[in-house]
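Engineer: When you get a sec, could you give me coordinates for this:
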Amino acid sequence: MEYSVEDISPVKKKVSITIEPQEAEAAILGAVALYRDSVQMDGFRKGKVPPSVVEQRFHDRIYDEARQDLINVHINEVMQKLGVQPVSGITVNGAEAPLERGKGYAYTMEFEVLPTFELPPYEGLEVEQEAVGVDDAEVTEVIERIRRDRSKLVPVDGTAPAVDGQIANIDFEAFENGAPVPGVKAEGFDLALGEREALEDFEALVKTIRPGEEGEAEITFPADFVAHDLAGKTVTMKVKVHAVKERQLPALDDELAKQMGQENVEKLKAAITDSYVKTRERLHKGAAQKKLLDSLLRMVDFPLPEAMLEADMRTLMTDLAVRLERQGKRLDSLGKSEEELRKELLPQAEEATRSLVLLLAIAKKEGLEVSDQEVLAQIYQNSLRSGQDFKTLQQEYERSGLIFLLRDRLLADKAMDRIYAKAKVKEVPAADSAAGAKAADKAPADAPEAPAAAEKAADAPAAE
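Structural biologist: Prediction:
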């Protein structure tokens with residue numbers, strides 16, 4: 001095999017490969033031998049079928065596998081000789097035709113690589129990191145959410161309609177031109193009023209109906225409503241209120257603490273405080289690392305591999321769609337084309353790609369590596385978070401090539417930790433935790449069974 005390399009750009013290479021007839025012949029004979037050892041044909045014992053018969057019987061499959069095996073061998077050989085690692089898939093051109101006996105073969109392959117540039121000095125950088133602070137009021141707020149999550153619903157005396165802070169047990173159904181609207185119906189649904197679980201007009205209707213009575217009103221769904229078939233529609237919503245309830249909170253005592261896995265109230269508060277501390281330590285360390293990375297990025301300039309940039313762009317677009325969906329909206333509700341959105345997100349994508357390239361370069365210099373076990377462990381964690389089957393998710397990563405991107409991300413994290421470990425970190429007083437960190441970690445994810453946001457709203461006419 002002979003090859004020549006052409007630099008299409010600072011981050012893209014083209015390799016032209018020429019195969020001599022004898023190498024093609026050897027690949028074909030090797031494939032025939034493998035088939036001969038494994039196939040079973042009438043009239044012959046296994047492994048004793050004449051090679052010519054095997055080749056004739058499985059000609060297309062044998063020659064295709066020989067070609068693919070040869071290409072794979074060449075890819076590994078070329079990468080080792082060049083000392084490079086593709087950052088995206090390898091495009092092979094001119095290798096569509098099968099191999100032929102007595103003939104040579106030629107094809108090309110193109111791939112992107114990391115740019116080469118001089119690394120900035122990253123040892124001993126100075127950075128400020130905020131100290132961790134937790135307010136008693138924040139701990140109290142979590143405890144109140146825990147009590148609310150474990151509250152009992154008890155009937156309210158009287159015949160007055162439900163008001164904010166109460167729960168109405170209702171049946172509802174939507175009609176359009178007198179016909180039921182598919183999918184907008186429920187019986188015995190508990191709707192918490194004043195908590196934006198449903199459209200404002202729908203809640204207003206419920207608040208006019210006494211227990212045991214029915215009512216109806218015209219309800220218009222927002223133009224950007226998450227359910228496409230309902231967006232912008234006006235329907236007649238019929239509601240029957242069965243009962244009005246209110247939450248009866250459990251006492252804040254040691255019994256409640258034991259239900260949360262703690263011995264008493266003081267240890268419950270200590271566990272919540274510790275959860276906040278750990279969460280904010282991660283947040284503040286992450287903020288300090290971001291400062292370090294930003295300072296390093298200002299010192300360097302290099303071209304970006306298009307495939308890496310596109311991967312980061314797709315991630316940003318997906319994240320945006322997910323955030324909007326949580327608000328009950330669609331991507332097209334922004335009133336912008338995909339091209340316009342991509343243009344707006346381009347600076348963020350470029351920053352993400354530049355960060356990854358720089359960190360991978362530092363990881364290489366530091367001799368850092370990511371094991372297969374670490375990759376699988378991360379996929380397993382992702383499967384737990386998403387609720388997907390681990391094996392299925394692993395296959396998706398491998399089939400789509402995302403497993404290489406995942407490995408790069410893990411390697412970049414190791415490089416960032418190495419930079420941080422070599423930095424001179426100065427702790428500064430904590431900011432007002434109620435203002436500075438509240439939005440980011442209002443409900444610590446690792447607080448003992450910290451209640452999540454209500455998910456029943458998905459079943460009612462959801463709030464915007």
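Engineer: from the chain's centre, how far out does the strand or helix carrying residue 147 sit?
Structural biologist: Secondary-structure assignment from DSSP states H and E places residue 147 in helix 136-149. From the chain centre to the centre of helix 136-149 is a distance of 29 Å (Cα atoms, centre = their mean, to the nearest Å).
Engineer: Check which element follows it along the chain.
Structural biologist: strand 152-155.
Engineer: Just name whatever secondary elements that next one is in contact with.
Structural biologist: Secondary-structure packing of strand 152-155 (3 or more Cβ pairs under 8 Å, 6 or more residues apart in numbering; DSSP states H and E): strand 234-248. Placement of C-beta: from N, CA and C, glycine included.
Engineer: got the CA coordinates for the strand it packs on in CSV?
Structural biologist: C-alpha atoms of strand 234-248 as CSV (Å, rounded to 0.1, in the frame of the first residue of the first chain):
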residue,chain,number,x,y,z
THR,A,234,-60.8,28.2,20.8
VAL,A,235,-62.7,25.4,22.4
THR,A,236,-65.7,25.1,24.8
MET,A,237,-64.4,23.7,28.0
LYS,A,238,-66.9,21.9,30.2
VAL,A,239,-66.0,21.4,33.9
LYS,A,240,-67.7,19.6,36.8
VAL,A,241,-66.3,20.2,40.3
HIS,A,242,-66.7,17.2,42.6
ALA,A,243,-65.0,18.6,45.7
VAL,A,244,-62.7,21.4,47.0
LYS,A,245,-59.7,20.3,49.1
GLU,A,246,-56.8,21.8,50.9
ARG,A,247,-53.4,20.5,52.0
GLN,A,248,-53.0,19.4,55.6
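Engineer: So which bits of it are buried?
Structural biologist: 235, 237, 238, 239, 240, 241, 242, 243, 244, 245, 246, 247 (16 or more other Cβ atoms under 10 Å).
Engineer: got a list of contacts for the helix or strand following it?
Structural biologist: Using DSSP H and E, the next helix or strand after strand 234-248 towards the C-terminus is helix 254-259. Helix 254-259 is contacted by residues 146, 147, 150, 250, 263, 264, 265, 267, 268 when judged by Cβ atoms under 8 Å, 6 or more residues apart in numbering.
Engineer: What ranges does the protein have for its strands?
Structural biologist: 2-9, 12-19, 91-93, 105-112, 126-130, 152-155, 167-176, 179-192, 214-220, 234-248, 424-428 (DSSP state E).
Engineer: strand partners of the first one, parallel vs antiparallel please.
Structural biologist: What it means is strand 2-9. Looking at strand 2-9 with DSSP bridges, its partner strands are strand 12-19 (antiparallel).
Engineer: repeat for the fourth one
Structural biologist: Each strand paired with strand 105-112, and its direction, by DSSP bridges: strand 12-19 (antiparallel), strand 91-93 (antiparallel).
Engineer: How far off centre is it?
Structural biologist: 33 Å.
Engineer: Buried residues, the helix holding residue 147. List them.
Structural biologist: Buried residues in helix 136-149, counted by 16+ other Cβ under 10 Å: 138, 139, 141, 142, 143, 145, 146, 147.
Engineer: got the residues you listed as JSON lines, with distance to residue 407 and pLDDT columns?
Structural biologist: Shown next, in JSON lines, are those (distance: Cβ to Cβ, whole Å; pLDDT from 0 to 100):
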{"residue": "138", "distance to residue 407": "38", "pLDDT": "94"}
{"residue": "139", "distance to residue 407": "40", "pLDDT": "95"}
{"residue": "141", "distance to residue 407": "40", "pLDDT": "94"}
{"residue": "142", "distance to residue 407": "37", "pLDDT": "94"}
{"residue": "143", "distance to residue 407": "42", "pLDDT": "95"}
{"residue": "145", "distance to residue 407": "38", "pLDDT": "93"}
{"residue": "146", "distance to residue 407": "39", "pLDDT": "94"}
{"residue": "147", "distance to residue 407": "44", "pLDDT": "94"}
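Engineer: Including distance to residue 308, could those go into TSV?
Structural biologist: Output for the buried residues of helix 136-149, formatted as TSV (distance: Cβ to Cβ, whole Å):
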residue	distance to residue 308
138	40
139	43
141	42
142	40
143	45
145	41
146	44
147	48
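Engineer: returning to that earlier point: now the angle from the helix holding residue 147 to strand 234-248?
Structural biologist: Using axes from the mean of the first three to the mean of the last three Cα atoms, to 10 degrees, the direction of helix 136-149 lies 110 degrees away from that of strand 234-248.
Engineer: Against which helices or strands is helix 136-149 packed?
Structural biologist: Using 3+ Cβ pairs under 8 Å, 6+ apart: helix 136-149 touches helix 265-297, helix 433-436.
Engineer: Go through those and pick out the most buried.
Structural biologist: Highest mean neighbour count of the helices and strands packed on helix 136-149: helix 265-297, a mean of 17 (counted as mean count of other Cβ atoms under 10 Å).
Engineer: Over it, what's the mean pLDDT, rounded is fine.
Structural biologist: Averaged across helix 265-297, pLDDT comes to 95.
Engineer: With stretch 31-39 instead?
Structural biologist: For stretch 31-39, the mean confidence score works out to 83.
Engineer: Now that stretch - C-alpha only, CSV.
Structural biologist: Extracted C-alpha coordinates of stretch 31-39, given in CSV (Å, rounded to 0.1, in the frame of the first residue of the first chain):
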residue,chain,number,x,y,z
ALA,A,31,-11.7,-13.6,3.2
VAL,A,32,-12.2,-16.9,1.2
ALA,A,33,-10.3,-18.8,3.9
LEU,A,34,-12.5,-17.3,6.7
TYR,A,35,-15.7,-18.3,4.9
ARG,A,36,-14.3,-21.8,4.1
ASP,A,37,-13.7,-22.4,7.8
SER,A,38,-17.2,-21.3,8.8
VAL,A,39,-19.7,-22.2,6.1
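Engineer: what comes up buried for stretch 128-137?
Structural biologist: Going by neighbour count (16+ other Cβ under 10 Å), the buried part of stretch 128-137 is 129, 130, 132, 133, 134.
Engineer: Turn those residues into JSON lines, columns for pLDDT and distance to residue 187.
Structural biologist: Formatted as JSON lines, the buried residues of stretch 128-137 follow (pLDDT from 0 to 100; distance: Cβ to Cβ, whole Å):
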{"residue": "129", "pLDDT": "95", "distance to residue 187": "54"}
{"residue": "130", "pLDDT": "94", "distance to residue 187": "51"}
{"residue": "132", "pLDDT": "92", "distance to residue 187": "48"}
{"residue": "133", "pLDDT": "89", "distance to residue 187": "48"}
{"residue": "134", "pLDDT": "91", "distance to residue 187": "44"}
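Engineer: Flag the shaky bits of the stretch 301-450 of the chain, pLDDT-wise.
Structural biologist: Scanning the stretch 301-450 of the chain for pLDDT under 70 picks out 432-450.
Engineer: Residue 160 versus residue 240, what's the distance?
Structural biologist: Look at residue 240 and residue 160: by Cβ to Cβ, to the nearest Å, they are 16 Å apart.
Engineer: Check residue 361 too.
Structural biologist: 68 Å.
Engineer: Compare neighbour counts for these two and give me the winner.
Structural biologist: Between residue 361 and residue 160, residue 361 has the larger neighbour count (other Cβ atoms under 10 Å), namely 20 against 12.
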